[in-house]
Every structure is written in structure tokens, then in C-alpha cells.
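>>> fold the following and give me the result.
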Amino acid sequence: MGLMVKVLSAQSIPSFEMVMIRSAIVASYTMGFQRISQKDSYWGRPKNRGILLGRACVGFVAMSCFFFSISELPLKDATVINFTSPMFTAVFAWIFLGEPFGIQEVAATAFSFLGVLMVAQPPFLFHRLGSGSDPGLESRRAAAVLIGCVGAACAGAAYTLVRAAGKLGEPPLVPV
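Reported below is the predicted structural model:
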């Protein structure tokens, strides 16, 4: 998916259009599969619709931020940043769902954050003397990295909301 987004963004296709197309394809597939395999409502149980709506909103923001970061950063950098979403999922699940968060999770979160720093290479930590880099380009990269991190955090929130919906008894395809 990331490679396709990179190729399409090089063709000047806006990231929001790619998000819309990808979402429409996944929604069609999910609704069709759910119609065949389940009798539950597409919209979930009425008491859980707030969680499901929240999951849809943060999932949209997550995908939009990820696609934007792919269009602005090298694909490998955007992907590494996006792969920090489990770090956010663990923290959010600990805070909001009471899931365990022990020393292993703390260490994994710290190493994940260090990995993002190594990829992002913020100028205040990785100042290269005489590099002659364009300040405008550096600020654009910093913004893309920040937007990618927001996307990873939103993906973590979406995964946490899927877990919460599952705990409330939602059928597996509804929160997707």
C-alpha cells in the first residue's frame, strides 16, 4: 500500500483522494463479507456506536496522516514512523482499558521512540555542520515527521478502540 501511495503521490494525486478510494474499497469489501457471514448491523449495536464512530474518525486521521507522510518523506522513513503505532496502542490500552504495561512494554516504547529519533534526525539533536541544507526543506521534513507521528498515535488510538469494542461484544467485522 505504501509503495502505491508513493507512486500515486508522485503523479500529483492528493493524499485525501487516495484515502477516500482506499476507504471505499475496504468498506465495500467489509460490507459484502459481513453481509454474507453475519446478521449484525453494519453500524454495530446502538450502545457501542460512540466507540465505533470514534474509531472511524481516528482511523481516518491516522490514514490521512500516514498517506501525507508517505508523500513528503522517503517511504522507509514514513513506514518506520508508522510502525510506532503499537507503542501508542500499548500506552493507550494501559491508560484507558487497564491493560498491563510492565517493564517490557516500557523498554519497547523507549526503543521505539529512539528509533523514530534516529529516522527523523531532528536538527537540534543531529546538527550537521556545513551541510548547507535548505531551512525550508528541513522545516517541511520536520512537519511531515510530526504529522507521521500524529498518524501513528491515531492508529494506536484506533486499535485501542477496536479492542474496547471487542470487549463490549461487537462482532469482529463491525469495528473494522
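>>> show me what contacts residue 80?
Counting by Cβ atoms under 8 Å, 6 or more residues apart in numbering, residue 80 makes contact with 115-116, 119. Where C-beta positions appear, they are placed from N, C-alpha and C, glycine not excepted.
>>> now do residue 47 against residue 9, distance only.
Taking Cβ to Cβ, to the nearest Å as the measure, residue 47 falls 40 Å from residue 9.
>>> show me which helix runs longest in this structure.
helix 135-167 (DSSP state H).
>>> helices of the protein, start to end?
Using DSSP H, the helices of the chain run over residues 2-10, 15-37, 49-72, 75-82, 85-97, 103-120, 135-167.
>>> in the fifth one, what's buried?
Same thing as helix 85-97. 85-93 (16 or more other Cβ atoms under 10 Å).
>>> still on that earlier bit, quick one: closest of the helices of the chain to residue 43.
When the helices of the chain are compared by Cβ to Cβ, helix 49-72 sits nearest residue 43, at 6.2 Å.
>>> returning to that earlier point: out of the buried residues of helix 85-97, flag the one nearest to residue 170.
Among the buried residues of helix 85-97, and counting by Cβ to Cβ, the member closest to residue 170 is residue 93, at 16.3 Å.
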